[in-house]
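Novice: sequence and predicted structure, then a few things I'm wondering about:
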Amino acid sequence: MKRALAATIVAALMSAGAARSEDAPPQDVKIADMAVKASLTGTPGSPEEGAKTLANRSLGNCLACHAVQALSDEQFHGNVGPPLDGVADRWSVEQLRAIVVDSKQALNDESMMPGFYTLNVGKNVRKNLVGKTILTAQQVEDVVAYLATLKE
Amino acid sequence: MNRRLFAAHSALLLIVASITGKAVLADPVDDSLQIDGTEIITRAPAPEGLPFDQVLSGWLFREAETRATEADSFANPGMLAVERGAEIWNTVEGTMGKSCASCHQDAAKTMKDVGAHYPKWDAASGKPLNVELRINKCRVDNMGAEPYKFDDPNQLALTSYIKHQSLGTPVGIDLSQGQMQSWWDRGKELYYTRTGQLNLACASCHEGATGKYIRADHLSQGQVNGFPTYRFNTAGMVSLHNRFRGCIRDTRAEMPAAFSDELMALEVYVTWRGTGLSVETPSVRQ
């Protein structure tokens, strides 16, 4: 418990001071064997923040396509993708990271799921979004940390 | 990457979902639509080349209340636009002292079924015209009036009025005229091109995910037979190119201009995808 707390404090200090340049740039993130092995930031993700990012319509908006029972307070879960309940029983953290980073590379090149940390995007991207990923590296780590709690 | 594993895994998910009783798919309703005694074709055999057996009106995907509002032309707020369109039809404008009626008389006769066959090839312009552009051409060439700006309320009203004269008529466009076929080809290419930061094509939502929910929205086939549409969300009429632009914006892409060649090509192609569905203008959507 104490060690966990200490780790959290260190992580908080690190993230407070973390230069964004520490983040792996999206073009350097390699998906091999359906997995992204290393953390994108070196800072452990926060499941609480991850849940918020996942639900937030202007961030992950994951609920547009996926249902999550633990978030049933949030209205309107879509069913374009499979429910995410129990997703951590089905995939490892490294695999979940790969799916969130770029599902077209990780799962299926026809996947409807947007890649949240990739520059491999569609045509005519809105000007102010060119060269930007949907989520920041830390937001991806947070979402992955939250997904890792979804066990049945 | 292991697709086989993934496919097996999805199949498992489907089974799990059906055991837990969670709906994975929500089908369009099994219901029929009459408006003012006119039978509306909401299901038609799909034209060859589409991955569907049937093309389906967006009406079948809406909530009961929305469907009922469209079925009752007294309750349908879109009929106000149609009535306004009738006024404009008879109003003289421009330097030549003419109204639409001066040349076309009674729209119930002269415009009957006309809207069901647009866009149409226009040799003089060297491109397909939709009803909005056809109106503008008449205003400029035959009335000496200014063309309407995109989504001018009068443009919406007059377009709705003209399309409404085809209520119930099956949509069918003539691809043999002029270069219609190459506009269709271009529209098809656009329909399957993924755009924006979210990397989605029209087909991602309206072909691959038809019948599913994206947040609160029940995804239809994205058919155009009901446009201009009355939308509860915005409490007003929505033109087709406005809808196209909205869907493209939602992929986080730059939006093409209304009536640009891109959106005209898309209109030709998507109209063809709804061949055989009745014109429903003014349809009601949420």
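Specialist: Now that the structure is in, tell me what you want to look at.

Novice: those helices in chain A, which residues are they?
Specialist: Ranges of helices within chain A are A:2-17, A:47-55, A:87-90, A:93-101, A:103-106, A:137-147, based on DSSP state H.

Novice: revised request: answer the last question for the stretch 1-150 of chain B.
Specialist: With DSSP state H, counting those that start in this stretch as the criterion, the stretch 1-150 of chain B has helices at B:3-19, B:64-71, B:78-89, B:100-104, B:107-110, B:131-138.

Novice: by mean pLDDT, show me the worst of the ones you listed.
Specialist: For the helices of the stretch 1-150 of chain B, the weakest mean pLDDT is recorded on helix B:3-19, namely a mean of 37.

Novice: what about the residue nearest in space to the middle of chain B, distance to chain A?
Specialist: The centre of chain B sits closest to B:V224, judged by C-alpha atoms, centre = their mean, with a distance of 1.7 Å. According to C-beta to the nearest C-beta, to the nearest Å, B:V224 stands 22 Å off from chain A. Where you see a C-beta, it was placed from the backbone N, CA and C, and this is true even at glycine.

Novice: that residue and B:R215, how far apart?
Specialist: Going from B:V224 to B:R215 by C-beta to C-beta, to the nearest Å gives 23 Å.

Novice: then B:T271?
Specialist: 27 Å.

Novice: more neighbours: which of those two?
Specialist: More crowded of B:T271 and B:R215, by other C-beta atoms under 10 Å in any protein chain shown: B:T271, with 26 against 14.

Novice: and the pLDDT at the residue nearest to A:A55 when sequence neighbours are not counted?
Specialist: Nearest non-adjacent residue to A:A55, counting by C-beta to C-beta, 6 or more residues apart in numbering or on different chains: A:E74, 5.0 Å away. With respect to pLDDT, A:E74 scores 94.

Novice: what number of residues lie near B:P256?
Specialist: Neighbours around B:P256, by other C-beta under 10 Å: 20.

Novice: and it, that's in a helix?
Specialist: No: counting by DSSP: H, G, I helix; E, B strand; the rest coil, B:P256 is not found in a helix; it is coil.

Novice: show me what contacts it?
Specialist: B:245, B:248, B:262-263 (C-beta atoms under 8 Å, 6 or more residues apart in numbering or on different chains).

Novice: near chain A, which residues of the stretch 51-200 of chain B show up?
Specialist: B:193-200 (C-beta under 8 Å from any C-beta of the partner chain).

Novice: if we go to 6 Å?
Specialist: Contact residues, the stretch 51-200 of chain B versus chain A (C-beta under 6 Å from any C-beta of the partner chain): B:193-199.

Novice: for ChimeraX, write a command that selects the buried ones of those residues.
Specialist: Buried members of those, defined by 16 or more other C-beta atoms under 10 Å in any protein chain shown, are picked up in ChimeraX with:
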select /B:194,195,196,197,198,199
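
Novice: can you list which of the residues of the stretch 51-200 of chain B next to chain A are found in strands?
Specialist: Assignment to strands by DSSP state E places none of those there.

Novice: out of the residues of the stretch 51-200 of chain B next to chain A, who's nearest B:T91?
Specialist: Ranked by distance to B:T91 (C-beta to C-beta), those are led by B:T195 at 40.1 Å.

Novice: where does B:S239 land on pLDDT?
Specialist: B:S239 is given a pLDDT of 98.

Novice: which ones are touching the closest residue to B:S239 other than its chain neighbours?
Specialist: Leaving aside its sequence neighbours, B:S239 sits nearest to B:P228 (C-beta to C-beta, 6+ apart; 5.2 Å). Taking C-beta atoms under 6 Å, 6 or more residues apart in numbering or on different chains, we find B:P228 in contact with B:156, B:159-160, B:237, B:239.

Novice: same thing but 10 Å
Specialist: B:P228 makes contact with B:78, B:81-82, B:85, B:131-132, B:151, B:155-161, B:163-164, B:236-240, B:242-243, B:281-283, according to C-beta atoms under 10 Å, 6 or more residues apart in numbering or on different chains.

Novice: filter the residues you listed down to just the ones in strands.
Specialist: Members of the contacts of B:P228 lying in strands (criterion: DSSP E): B:236-238, B:283.

Novice: and of those residues, the nearest to B:P51?
Specialist: B:S283 (24.0 Å).

Novice: looking at the sheet around that closest one, what are its partners?
Specialist: Per DSSP bridges, the residues bridged to B:S283 are B:T229.

Novice: phi, psi of the nearest residue to B:P47 once chain neighbours are set aside?
Specialist: Distance criterion C-beta to C-beta, 6+ apart; nearest residue to B:P47, sequence neighbours excluded, is B:T275 at 4.7 Å. Per-residue torsions, B:T275: phi -50, psi 130 (degrees, to the nearest 10).
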